[in-house]
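**Student:** sequence and computational prediction follow.
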Amino acid sequence: MPAGKRIKLSIATGGDNLIMQITLDTKPFAALETDALVTYVFENGDSTQGRPAELDKLTGGMLSRLSKCGELTGKSLETTLLHAPAGFKAARLLLVGAGKRELFNPATLRKVAGAALRYLKARTAHKVVFLVREGDSTEEVAQAITESALVAISRPTNTRPTRKMTNLSKLLQSRASATRKKQREKRESLAAASLVTRKTSRATSSTNLPTS
């Protein structure tokens, strides 16, 4: 494919506004304007090899420094987010740990891509570029990333309950409890009234029996 060539694919995922556009782009990744540029790193000093080494050079050695201080280890699904990375048009650079290189396969990539997309979805990133590693530009890899994207955008993002949500929940529970108590008291009251009525009826019947 010629350099800079772009292929765009739109996928409807349900609902009126849920449309995902998947683009295959061969432009230099540093020139891509996007909310986030994502790639993955492996354990054991991988930040100084292959594609991460290119990223490290563009960021002025940032990846190497993060690796040395233990903030970039490559451990499975560990995330490191850089804002406004130097040398990139991307607003953010997200590095996701892919574990050991010798254990890496399409299933691992699905987990990595899914974790990255869910992470960015929670941070309102709408346009994401996934940068594959050297040697991973295959049809199988593209399929794995696409499948992960479809799952990530169709699954609701987990959110922690806010204080207002918690207080509202407690209020609703309290009101529901009070309603159930009133309903129980009403049923007990009706049952007692019914019992009195039956007793009165029996007493009246006994009184009205004809005498010989």
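**Tutor:** Structure received.
**Student:** lowest average confidence, helix or strand, in this structure?
**Tutor:** When the helices and strands of the chain are scored by mean pLDDT, DSSP states H and E, strand 6-12 comes last with a mean of 45.
**Student:** who touches the nearest residue to residue 60 once chain neighbours are set aside in this structure?
**Tutor:** Counting by C-beta to C-beta, 6 or more residues apart in numbering, residue 60 lies nearest to residue 86, which is 5.6 Å off, once chain neighbours are set aside. (C-beta placed from N, C-alpha, C; glycine too.) Contact analysis of residue 86 by C-beta atoms under 8 Å, 6 or more residues apart in numbering lists 58-60, 62.
**Student:** buried ones among these?
**Tutor:** 58-59, 62 (16 or more other C-beta atoms under 10 Å).
**Student:** can you name the two of the contacts of residue 86 that sit furthest apart?
**Tutor:** Farthest apart among these by C-beta to C-beta are 58 and 62. That separation is 8.9 Å.
**Student:** anything in contact with each of the two?
**Tutor:** Contact criterion C-beta under 8 Å, 6+ apart; residues shared by residue 58 and residue 62: 85-86.
**Student:** kindly state the domain boundaries assigned to this protein.
**Tutor:** Following automatic domain parsing, one gets these domains for the chain: 6-154, 160-212.
**Student:** and those, which one is worst for confidence?
**Tutor:** When those are compared on mean pLDDT, domain 160-212 scores lowest, with a mean of 55.
**Student:** could I get the full set of strands for this structure?
**Tutor:** 6-12, 19-25, 36-41, 79-83, 92-97, 128-130 (DSSP state E).
**Student:** closest to residue 108 out of these?
**Tutor:** Comparing the strands of the chain under C-beta to C-beta, the one sitting nearest is strand 36-41, at 8.9 Å.
**Student:** can I get the CA coordinates of the closest one in CSV?
**Tutor:** The C-alpha trace of strand 36-41 is given here as CSV (Å, rounded to 0.1, in the frame of the first residue of the first chain):
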residue,chain,number,x,y,z
ALA,A,36,-4.9,9.0,21.8
LEU,A,37,-2.2,7.0,20.2
VAL,A,38,-2.0,3.5,21.7
THR,A,39,0.6,0.8,21.5
TYR,A,40,1.9,-2.1,23.7
VAL,A,41,5.1,-2.9,25.4
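**Student:** buried residues in stretch 135-146?
**Tutor:** Buried residues in stretch 135-146 (16+ other C-beta under 10 Å): 136, 141, 144-146.
**Student:** out of these, which is nearest to residue 76?
**Tutor:** residue 144 (15.8 Å).
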